[in-house]
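3D, please:
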Amino acid sequence: NIAPRAPPGPLEAVDGDAVTFSWGTAVEAPAPHAVTYNLRVGTEPESHDVLSGNAPLGRGNAGTNLTRRLQGLDSGTYFWSVQAIDDSYARSDWSPSRPFTIDTVRPLAGLPGLSRVRAGIGQTITAAVQFEDVHSGIDPAVDPTVRATIAGETFAFSQLQFNGTAWSGELTVTPQMPSGVADLTVSGVVDLLGNQILADTTRASFEIDTQVPAVAVSTPAAGATGVASSTGVIAITLSEPVDPGTVADNFRIELDNEPLTLVTPPEYDDNLTVQLFPEGGLRPGTLYTVQVAAGLQDLFGNRPAADSTWTFSTAVPDTGQVSPAAGTAGIAAAAVEVNAAFDNPLIDTAVNDTNVQLLREGEAIAIAPTYDPESRTIAFNPQEPIRPGTSYQLFISGAVGGPLRQAIGDFRWDFSTQVPEVDTV
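Presented below is the predicted three-dimensional model:
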């Protein structure tokens, strides 16, 4: 008896945890109808540890069928062969071992690696993800989907590369995105046997901020008038925390387009407030400009698109009471006291005999003007007696009340002393 040849054309078809084997008829056998077929399946080539082909003398374990199905297999790589057995129980050689893979395990994604965990407008976050599938391997033809969810809105990363095991992509922060903490979700990956990864979400992966720092509150307020010149500090409260290193060079007070000297550099505190202490304080009747430059930067690197500038002005002084009263006539010369009280402080250094004058019949006379800041009063202190029967004119320059007072005008009034009467002739 001549042993049959090995069955031709062995094939396998995997379906989940099952596999169907098929092969051709052993045509060289003298009586094909009497041939049976024997399979062996193992975890190594030519092994029998899954389905043994080491049957005793007799028919093959597949009978006369040209197919055999196994199911319930664990994920892994297997090898199979088939042989023919004729009706005299002569056996062919085993067909060459053929591998096949059972894979019912979904691919896994590693923890995403990020180029940064905080990002502001215009900054790009690069993400890298490693994938693993121990049995059939990742299908490189199916790209993963990687999305960031921020405040309920979803944004997709743009893929940079994917080779089946490693993926990278990037997301650039735009002003239209909401600020907040991002959850990163990876999905869409499949292995070569069609198992799809379960959507894998990493909570609080990174944080973005699309708010630019702005002035929330300023004291004095923008556009404020009548601000007390005794105000010693300008306070600017910001809308969000900023980089302390960008504070000193980006806050200033200006007078006539020139920055004021500060007692100390701008001070930034835990209440998000920057304080400016102008050297010498504020001057009366003056318009000040406060500027927060666009170089200010928040903790995410966001900067304003332009400088923030506003103005305020200090109180403009006006006379409260003058002595003698304006237009007074016939006052006794000996009773004259020449002074002027104001409703708001003056610039004390501006009180001098140029800006404060007493004129007799239109001619200036010597005076030694003084200013009392507590009562806000200028005393003229004439250096010669007030004459009877004489007309006097008083002048105080608006310069003593600052530029805004100067723009309104100077202070002027007059009085005259009593003309002496002849008692006897």
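
hang on, Arg147 packs against Gln159?
No. Using Cβ atoms under 8 Å, Arg147 makes no contact with Gln159, being 11.9 Å away. C-beta here means a position set from N, CA and C on the backbone, and glycine is covered the same way.

Next, show the common contact partners of those two.
Common contact partners of Arg147 and Gln159 (Cβ atoms under 8 Å, 6 or more residues apart in numbering): none.

Show me which of those two is the more surrounded one.
Arg147 (18 against 14; other Cβ atoms under 10 Å).

Can you read off the pLDDT for that one?
Looking at Arg147, its pLDDT reads 97.

For it, pull up the helix or strand it's in.
Assigned by DSSP states H and E, Arg147 belongs to strand 145-150.

Bridging across strands, which residues link to Val356?
Ile396 (DSSP bridges).

swap in Leu51?
Val41.

So it is in contact with Asn38, correct?
No. The pair Leu51 / Asn38 is not scored as a contact, 9.8 Å apart, by Cβ under 8 Å.

between the two, which one's more packed in?
Using other Cβ under 10 Å as the criterion, Leu51 and Asn38 rank with Asn38 on top: 25 against 17.

From Ala407, how far out is the spatially most central residue of the chain?
Here the mean C-alpha position of the chain is nearest to the C-alpha of Asp209 (Cα atoms, centre = their mean), at a distance of 2.5 Å. Separation of Asp209 from Ala407 (Cβ to Cβ, to the nearest Å): 45 Å.

ok, how many other residues are close to the closest residue to Leu238 other than its chain neighbours?
Computed as Cβ to Cβ, 6 or more residues apart in numbering, the closest residue to Leu238 that is not its neighbour in sequence is Leu272, at 4.7 Å. Neighbours of Leu272 under the rule other Cβ under 10 Å: 16.

and Leu272, what is it in contact with?
Taking Cβ under 8 Å, 6+ apart as the test, what Leu272 contacts is Ala216, Thr237, Leu238, Ser239, Glu240, Pro241, Val242.

Which stretches in the stretch 201-350 of the chain count as strands?
For the stretch 201-350 of the chain, the strands defined by DSSP state E, counting those that start in this stretch cover 215-219, 234-238, 251-255, 258-259, 267-268, 273-276, 287-292, 308-313, 319-323, 328-331, 339-342.

Out of these, which gets nearest to Gly72?
strand 234-238 (66.4 Å; Cβ to Cβ).

ok so, going back, nearest to Val336 among the contacts of Leu272?
Thr237 (52.8 Å).

Now do the same contact list for the closest one.
Listed by Cβ under 8 Å, 6+ apart, the contact partners of Thr237 are Val215, Ala216, Val217, Ser218, Asn271, Leu272, Thr273, Val274.

Quick check on those: which are buried?
Among these, those buried by neighbour count (16 or more other Cβ atoms under 10 Å) are Val215, Ser218, Leu272, Thr273, Val274.

any idea how far the closest residue in space to the residue nearest to the centre of the chain that isn't next to it in sequence lies from Phe411?
What sits nearest to Asp209 in space, not counting adjacent residues and going by Cβ to Cβ, 6+ apart, is Phe300, at 3.9 Å. Distance, Phe300 to Phe411, using Cβ to Cβ: 55 Å.

just Val217 next, same as before
37 Å.

same thing with Gln123?
Taking Cβ to Cβ, one finds Gln123 at 60 Å from Phe411.

Look up how far Phe157 lies from Pro144.
In this structure, Pro144 and Phe157 are 9 Å apart, going by Cβ to Cβ.

Between these two, tell me which one has more neighbours.
Applying other Cβ under 10 Å to Pro144 and Phe157 shows that Phe157 carries more neighbours, namely 23 against 20.

per-residue pLDDT, that one?
So Phe157 comes in at 98 (pLDDT).

Kindly report the same for the one 3 residues further on.
The confidence metric pLDDT takes the value 98 at Leu160.

since we're on it, how many residues are nearby?
Residues near Leu160, counting by other Cβ under 10 Å: 12.

got it, and Phe79?
Counted with other Cβ under 10 Å, Phe79 comes out at 18.

And it, how far from Ser229?
Separation of Phe79 from Ser229 (Cβ to Cβ): 96 Å.

Next: Gln83.
Applying Cβ to Cβ, the value for Gln83 to Ser229 is 110 Å.
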